[in-house]
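>>> Take a look and give me a structure for this.
(2 chains)
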Amino acid sequence: KAGVTQTPRYLIKTRGQQVTLSCSPISGHRSVSWYQQTPGQGLQFLFEYFSETQRNKGNFPGRFSGRQFSNSRSEMNVSTLELGDSALYLCASSATGELFIGAKNIQYFGAGTRLSVL
Amino acid sequence: AQSVTQLDSQVPVFEEAPVELRCNYSSSVSVYLFWYVQYPNQGLQLLLKYLSGSTLVKGINGFEAEFNKSQTSFHLRKPSVHISDTAEYFCAVRFGTSYGKLTFGQGTILTVHP
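A predicted model of the protein is given here:
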């Protein structure tokens, strides 16, 4: 079974541009969560999608947005890039996304997209 | 407030020595606890999890952790480390009222010296 796939692996953008990152979850998984990892702030939750609906959101500005498609693939978009947006962006998928966690509802992570903003 | 604290940012240890990486959390709701490992330029790999039941859980690569509810801790242990265990380790908590969100500690860099 293929794991979580994130594309592209590396991106270089300049300030003011926008960027779209893609995440394909494990087959059959319906919940997708996004995280930002930086040396200073560590791993921070961006948002979670389930059945094309955003159910939870972290404390990030509105420049960060996402969506989920009917096949559970997800994209996140960052508009008007700032230098501080340089980070590793990680996507995680889980089977059901229920509040109660059973073995089927554990988050599995992709390798990430490393975004550099110049 | 809900939070996760990893008490050591870096832990150096010699090969074949035991190691403990410490994690404490603060919560007024139910919790689910995880340890993930991250190797350079890679994503996060699940080491082990506590969902319910026995408080001593075993994971991959010989790691184990014990959930202590009274001390709100979930420390990771390995009796004998290898060079290949050199990586960054993250404690993560899913608080029972939050969809799809893991709250991570700041990470502990484990360096195993020969």
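
>>> hey, let's count contacts and neighbours off CA atoms from now on
OK.

>>> hey, what's the nearest residue to B:Phe104 once chain neighbours are set aside bridged with?
The spatial neighbour of B:Phe104 that comes closest, neighbours along the chain excluded (Cα to Cα, 6 or more residues apart in numbering or on different chains), is B:Ala92 at 4.3 Å. Beta bridges link B:Ala92 to B:Phe34, B:Phe104, judged by DSSP bridges.

>>> I'd guessed B:Ala92 sits against B:Val37; true?
No - using Cα atoms under 8 Å, B:Ala92 is not in contact with B:Val37; the gap is 10.7 Å.

>>> Any idea which residue is closest to the centre of chain A?
Centroid-nearest residue in chain A, with Cα atoms, centre = their mean: A:Trp34, separated by 2.8 Å.

>>> Next one, pLDDT for that one please.
Turning to A:Trp34, the model gives it a pLDDT of 98.

>>> Smallest gap between chain A and chain B, at which residue?
Proximity to chain B, evaluated over chain A using Cα to the nearest Cα, is greatest for A:Ala111 at 3.9 Å.

>>> from memory the residue nearest to the centre of chain A sits against A:Gln54, does it?
No - contact status for A:Trp34 versus A:Gln54: not in contact, 11.2 Å apart, counting by Cα under 8 Å.

>>> returning to that earlier point: out of B:Ala92 and B:Val37, which sits in the busier spot?
More neighbours sit around B:Ala92 than around the other of B:Ala92 and B:Val37, counting by other Cα atoms under 10 Å in any protein chain shown; the figures are 27 against 21.

>>> quick one on the thing from earlier: overlap in contacts of A:Trp34 and A:Gln54?
Common contact partners of A:Trp34 and A:Gln54 (Cα atoms under 8 Å, 6 or more residues apart in numbering or on different chains): A:47-48.

>>> which regions of chain B lie under the pLDDT threshold?
Across chain B, nothing is flagged by pLDDT under 70.

>>> rerun at 90
Along chain B, the parts satisfying pLDDT under 90 run over B:1-2, B:28-31, B:40-42, B:51-54, B:95-101.

>>> who in it is up against chain A?
Within reach of chain A by Cα under 8 Å from any Cα of the partner chain, chain B has these residues: B:32, B:41-46, B:51, B:96-107.

>>> So which of these sit within strands?
Filtering the residues of chain B next to chain A for membership in strands, criterion DSSP state E, returns B:32, B:44-46, B:103-104.

>>> How many residues are close by the residue of chain B found nearest chain A?
Using Cα to the nearest Cα, B:Gly43 is the residue of chain B that sits closest to chain A, at 3.9 Å. Residues lying near B:Gly43 (other Cα under 10 Å) number 22.
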